[in-house]
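Trainee: Sequence and predicted structure below; questions after.
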Amino acid sequence: MISSRTFARFLRNQRNLGVSPSATSSNARRLQSAWVNLARADADTSLTSSSKIDVEKQFTDDQVQKLLSELTGMELQDKVFRPRRTAIQQRAHYALMTDERLEKTMDRMEDEGRRFLQPVPLKEPRSDKFEVLTRDEEIAAFDQSRFVFTDITFDATDQDRIVVVREVDGTLRTATPEEHDRMNRVYYEKPHRPVNAPALFSDPWLKNALDRGEHEFVMDWACWFYEPDDPAFVKLSRSVFDRIVDTGRFDALYSTRHFGTLAFYLALNGGIPPLLNWFGGRGKLAEAARVVQLQKALHPNWRVAVSKEDSDRKIVEDFLRQNERLKAKLPYLIQYLKTGETVSDAKEKDDGDIDAGADGRRTTVTSATVGSTDGPLGTMAGEYKVHVQSEDRQSQQQQNGRRRGGTRSRYQKKNEKDE
């Protein structure tokens, strides 16, 4: 049985070394990064050698960080400084400014916005393995519950705090990351950071939140609740990113501090076509070129050639020419390169064709389509008999006029009687 003196010596040695017992096994070399998703990986990006990529080092590279900053965008009014739900509402402040002062204020807001848009740190998850310190069979079955011992020394931080667990069979081991974080939340409580993970981080509540477009809210709360190297945070981030790709709702995280991590995740796994198509649909050709450059920076052996002297348009066109198989996934980007038309332009054009008028625009709802299943009634048109009755506008107005003329108020009737 391990004595209290031996246990104290163990804690002191670990503290002097600057290593927590829960992290002693996390420094082992990983066979593959947790951010590599082989189910979505593109074989053409040489992901077979991704096990040799130091993802954390790549993410903090100066060139990669510059590309991520340019990809994130900066929508100050609509995203960064938009009204948010807070516990204490602040009153709006209005001021009269000269043009010079307004320009300085906008520059200061942009600098503050860049600070808010710094990407969330990307870390490899801590190992969920634990280290067995001792086995004391003489105290096996002493109790039916496990005992958790937590170091509550004043100068200990949440990262290097010592947490060990005594199992029912007498085994003394280090705590897993989940147990370690739970003990930190028990002894050092923080606002909106309960002991157990919120239900929002799991389905069906996660799906409901993402269907409402609450992607940023979910990721912000996850950053507050989890540490960047928490396995649960990495799993949740991958789940949110994959669902964004499936639904194409990149605008939910655009111009937020999570968009850079999303772009890095897609470039790491060779899944940039959906993001390229999204940028192309909004006429952001420069951002599309940065996506190609980002994937080239992460995969130097990628067969797509990218030169620093090339223009943004040439980079994108070379990518399309060297990846003919991906053209079916990039309709908006190809359309913008050919005609310069974005998704919003095409939508305005379609909306202009809905109503028929003197200019000869096309009508989508006619007497022939209103009674079919392709019309506005849908399947109800097949279940019920639909009769279409048209009437001349002039005769309709005359009939409405006769109806209005035939109805007199009580005051008018009373005056006629008195006369």
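Mentor: In hand now; what should we look at?
Trainee: List the contacts of residue 195.
Mentor: Residues in contact with residue 195, defined by Cβ atoms under 8 Å, 6 or more residues apart in numbering, are 182, 185, 186. Every residue, glycine included, has its C-beta placed from N, CA and C.
Trainee: Looking at those residues, which is nearest residue 106?
Mentor: The shortest separation between residue 106 and any of the contacts of residue 195 is 40.7 Å, and it belongs to residue 185 (by Cβ to Cβ).
Trainee: Let me know the distance separating the closest residue to that closest one other than its chain neighbours from residue 151.
Mentor: Of all residues beyond its chain neighbours, the one nearest residue 185 is residue 195 (5.0 Å), with distances taken as Cβ to Cβ, 6 or more residues apart in numbering. Remark: distance between residue 195 and residue 151 (Cβ to Cβ, to the nearest Å) = 18 Å.
Trainee: My guess is residue 269 contacts residue 37. True?
Mentor: Yes - with contact taken as Cβ atoms under 8 Å, residue 269 and residue 37 are classed as touching, separated by 5.1 Å.
Trainee: These two: which is more packed in?
Mentor: Applying other Cβ atoms under 10 Å to residue 269 and residue 37 shows that residue 269 carries more neighbours, namely 25 against 18.
Trainee: Which stretches in the stretch 1-150 of the chain count as strands?
Mentor: With DSSP state E, counting those that start in this stretch, the ranges of strands along the stretch 1-150 of the chain come out as 132-135, 147-150.
Trainee: Next, give phi and psi for the nearest residue to residue 186 once chain neighbours are set aside.
Mentor: Distances taken as Cβ to Cβ, 6+ apart place residue 195 nearest to residue 186, at 5.8 Å, with adjacent residues excluded. As for residue 195, its main-chain torsions (degrees, to the nearest 10) stand at phi -70, psi -50.
Trainee: Check residue 264 too.
Mentor: According to degrees, to the nearest 10, residue 264 has phi -60, psi -40.
Trainee: Quickly note the distance from it to residue 59.
Mentor: The value you get for residue 264 to residue 59, if Cβ to Cβ is used, is 6 Å.
Trainee: Quick check: neighbours shared by these two?
Mentor: 119, 122.
Trainee: Name the residue in those two with the higher neighbour count.
Mentor: residue 264 (25 against 21).
Trainee: doesn't residue 297 make contact with the more buried one?
Mentor: No - the pair residue 264 and residue 297 fails to qualify as a contact (Cβ under 8 Å) at a distance of 10.1 Å.
Trainee: Would you mind grabbing the residues shared as contacts by these two?
Mentor: When contacts are counted by Cβ under 8 Å, 6+ apart, the set common to residue 264 and residue 297 consists of residue 64.
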